[in-house]
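Trainee: this one's structure only:
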């Protein structure tokens, strides 16, 4: 089994980007805001989370032992 060690700040970055992507997806599926507000906020958060996951994933996979 391979092991990956992350510092607390690195772990928080990973968790934060996943939370942003999840919040964006939730906004896209919810009916609390107007359609335009929901789409703008949802897509922004979702894309931010998705785009920042790629370099963070590469960082985490590069630290495997």
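Mentor: Right, received. Where do you want to start? What you see is a predicted model, and the numbers here were worked out from it, not measured in a lab.

Trainee: measure the spatially closest residue to residue 60 that is not a sequence neighbour to residue 41 for me?
Mentor: For residue 60, ignoring the flanking residues on the chain, the nearest one in space by Cβ to Cβ, 6 or more residues apart in numbering is residue 4 at 5.9 Å. Using the backbone N, CA and C atoms, a C-beta is placed for each residue, glycine as well. Distance of residue 4 to residue 41, given as Cβ to Cβ, to the nearest Å: 32 Å.

Trainee: Settle it for me: which of these two has more neighbours?
Mentor: Per other Cβ atoms under 10 Å, whichever of residue 4 and residue 41 has more neighbours is residue 41, with 15 against 11.

Trainee: helix or strand for that one, which one?
Mentor: For residue 41, the element it lies in under DSSP states H and E is helix 35-62.

Trainee: next one: residue 22
Mentor: Per DSSP H and E: residue 22 is located in helix 8-29.

Trainee: Now tell me what touches that helix from outside.
Mentor: 6, 33, 38-39, 41-50, 52-53, 56, 59-60 (Cβ atoms under 8 Å, 6 or more residues apart in numbering).

Trainee: where does this structure have low pLDDT?
Mentor: Within the chain, the stretches with pLDDT under 70 are 1, 64-65.

Trainee: quick one on the thing from earlier: now the helix holding residue 22 against helix 35-62, angle please.
Mentor: Orientation check (axes from the mean of the first three to the mean of the last three Cα atoms, to 10 degrees): helix 8-29 against helix 35-62 gives 150 degrees.
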